[in-house]
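>>> Provided below are the primary sequence and the corresponding predicted coordinates.
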Amino acid sequence: MAQHTVTLIPGDGIGSETSAAMRKVLAASGCDIKWEVAEAGSAVMDSCGTPLPESTIDAVRRNKIAIKGPITTPVGTGFRSVNVALRKTLQLYVNLRPVVSMPGAGGRYDDVDLVIVRENSEDLYAGVEFEEGSEDAAHLIDFCKESGAGTIRPDSGISIKPISVTATQNIVRYAFEYAIAHHRHKVTAVHKANIMKHTDGLFLRVAREVAKEYEGRIEFDDRIVDAFCMNLVIDPSQFDVIVFPNLYGDIASDLCAGLVGGLGIAPGANIGKDYAIFEAVHGSAPDIAGKNIANPTAEILSGAMMLDYMHENECAERIRNAVRAIYAEGAYATADIRWATGSDRPACSCTEFTDELVKRIQNSL
Ligand code: NAI
């Protein structure tokens, strides 16, 4: 078996715990990975003067594949999101998040099987912002008034919501190609085109145009985001592959994770034409960091997605089989899953869960 070199960005908060678990499990699966560890986030802020050193970006460029633990972004103030910066710099335009029910994980339904395809580079999430009271914000407010676009209160902060034809074509096409490659039957585009006509309206128009190229092969429909949320909670089985602009995709990801048992089991990937960074949907969970109680499943399943991407499908399937078995049996579960299932059985620690998973994978070889 070929050796793969992968950049590992452990992240902060629970990142060091879940990344260590992921490494152990991937090693047990039989895949030969050489890890190159690179740092990002507040831990390197002091030593490097930036939360995202150039050497970390270079490490991803060199190896082309990375897996990343979560990184804390200060709320409201402080440095901008390292995650957003990595996605932009490396043009990781797709955020891919499969959402699948797993017996024993405490999901609300037994049959959820959908895929989130979230645009990853623009929208309100892109961080194009103007601070309240700044000269630039004042210019923009004047411009909006003079052009007749609308009146904005002078004490406003402003975020810009760019949605382009190019990025929308790319993400919608990715959703359709993914649907074809993975034998899916439908793509749903989610938007708020009734209100934001020049942004979400554009997203919908372009999605419809791209959908025509796939007519007869993949079904297409669209939903307004608020009604979509209600429909998703009532009956997730009506959805298959769902394509979102960035911000709605971010919010819907956590909503979908909640349907299948929570953030502890929700994996994901940021994919571009040249590079891919795999990471769980969840954040750094500062409330449980350092306590050895985090659920490592989401990062482990992100690792399995990475193995698929590297064409190590057997190793990936070995991991998924062991994860499904451990959840189905229920003897080992971390605290989040005990809570989601309403079980009063004792929770195991992150390391106990990982060691049991490793044992099962080794026994299956
Ligand atoms: P979060 O996802 O870190 O936590 C939300 C809730 O879920 C918390 O109660 C947490 O304990 C729980 N949780 C999350 N992951 C878990 C796991 N693996 N096992 C058990 N419980 C888990 O979201 P929050 O609190 O909004 O964000 C915390 C920080 O993480 C923020 O600075 C945010 O910016 C950052 N963040 C980073 C992401 C990334 O690096 N990709 C993604 C999302 C948030």
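Arrived safely.
>>> can you pull the alpha-carbon coordinates of stretch 306-320 into PDB?
Taking only C-alpha atoms (Å, rounded to 0.1, in the frame of the first residue of the first chain), the coordinates of stretch 306-320 have been written out as PDB:
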ATOM      1  CA  MET A 306     -10.400  11.700   3.500                       C
ATOM      2  CA  LEU A 307      -9.500   8.100   3.000                       C
ATOM      3  CA  ASP A 308     -12.200   7.800   0.300                       C
ATOM      4  CA  TYR A 309     -10.800  10.900  -1.400                       C
ATOM      5  CA  MET A 310      -7.300   9.200  -1.400                       C
ATOM      6  CA  HIS A 311      -8.900   6.100  -2.900                       C
ATOM      7  CA  GLU A 312      -8.400   4.100   0.300                       C
ATOM      8  CA  ASN A 313     -12.000   3.000   0.300                       C
ATOM      9  CA  GLU A 314     -11.500  -0.300   2.000                       C
ATOM     10  CA  CYS A 315      -9.800   1.400   5.000                       C
ATOM     11  CA  ALA A 316     -12.600   4.000   5.100                       C
ATOM     12  CA  GLU A 317     -15.300   1.400   5.100                       C
ATOM     13  CA  ARG A 318     -13.500  -0.600   7.800                       C
ATOM     14  CA  ILE A 319     -13.700   2.600  10.000                       C
ATOM     15  CA  ARG A 320     -17.400   3.300   9.200                       C
END
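>>> what's next to it, contact-wise?
Among residues not part of stretch 306-320, those counted as contacts by C-beta atoms under 8 Å, 6 or more residues apart in numbering are 1, 4, 6, 25-26, 29-31, 65, 67, 269, 271, 276, 278, 300-301, 303-305, 361, 364-365. Where you see a C-beta, it was placed from the backbone N, CA and C, and this is true even at glycine.
>>> can you tell me which residues contact L365?
L365 makes contact with G30, R318 under the criterion C-beta under 8 Å, 6+ apart.
>>> Distance-wise, check it relative to C31.
Between L365 and C31 the distance is 12 Å, computed by C-beta to C-beta, to the nearest Å.
>>> what's the residue of the stretch 151-300 of the chain found nearest the ligand sitting at in phi/psi?
Distances from the stretch 151-300 of the chain to the ligand, computed as C-beta to the nearest ligand atom, single out G283 as the nearest residue at 2.4 Å. When quoted as degrees, to the nearest 10, the phi and psi of G283 stand at phi -100, psi -160.
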